[in-house]
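>>> Sequence first, predicted model second:
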Amino acid sequence: MKRIISTDDAPAAVGAYSQATATDDLVFTAGQIPMTPEGDLLDDAPIADQTEQALTNVESVLTEAGCGMGDVLKVTVFLDDIDDFEAMNDTYAEFFEAEPPARSALEVANLPKGVGVEIEAVATTD
Ligand SMILES: C=C(N)C(=O)O
């Protein structure tokens, strides 16, 4: 059965989507952008800080869904500039120290709100 995940510990959706949806054993987060739960945008911050906020939001949404970063199966990282890959990756690695999930990272033409990175995850609650 489909569940809608909603938490005040991550920013509210900036469009027509849920923070995450879940089945009995899988969680799909929306793409998380570098925005604080209070709605402050980190669009001018270094990519390391933007990555940290986006992943912190992913973590908060997963916690609400009943799992955590160790349960993540797949991550997709969207970058505004692929030259930010190394800086993103260094911060990313701090969130996934052991047995990191599968991941795709790609540059896209534009991201919502002019941010530098957006990150989504699929996790298991099994
Ligand atoms: C930020 C998003 N996840 C969106 O606009 O879909």
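Noted; the coordinates are in hand.

>>> Just the pLDDT at the closest residue to the ligand within the chain, thanks.
Residue of the chain nearest the ligand, by C-beta to the nearest ligand atom: Gly31 (3.5 Å). Where C-beta positions appear, they are placed from N, C-alpha and C, glycine not excepted. In this model, Gly31 is scored at 98, pLDDT.

>>> wait, isn't it in contact with Ala121?
No - using C-beta atoms under 8 Å, Gly31 is not in contact with Ala121, being 9.4 Å away.

>>> Quickly list what's touching both of these two.
Common neighbours of Gly31 and Ala121 (criterion: C-beta atoms under 8 Å, 6 or more residues apart in numbering): Thr76.

>>> When the two are compared, which one has more neighbours?
Ala121 (27 against 20; other C-beta atoms under 10 Å).

>>> wait, what's in contact with that one?
Counted by C-beta under 8 Å, 6+ apart, Ala121 has contacts 27-29, 58, 62, 72, 74-76, 101.

>>> Equivalent analysis for Tyr17, please.
Ala30.

>>> again with Pro101
By C-beta under 8 Å, 6+ apart, Pro101 lies in contact with 72-75, 121.

>>> chain center to stretch 2-19, what's the gap?
Centroid separation for stretch 2-19 versus its chain: 12 Å, with C-alpha atoms, centre = their mean, to the nearest Å.
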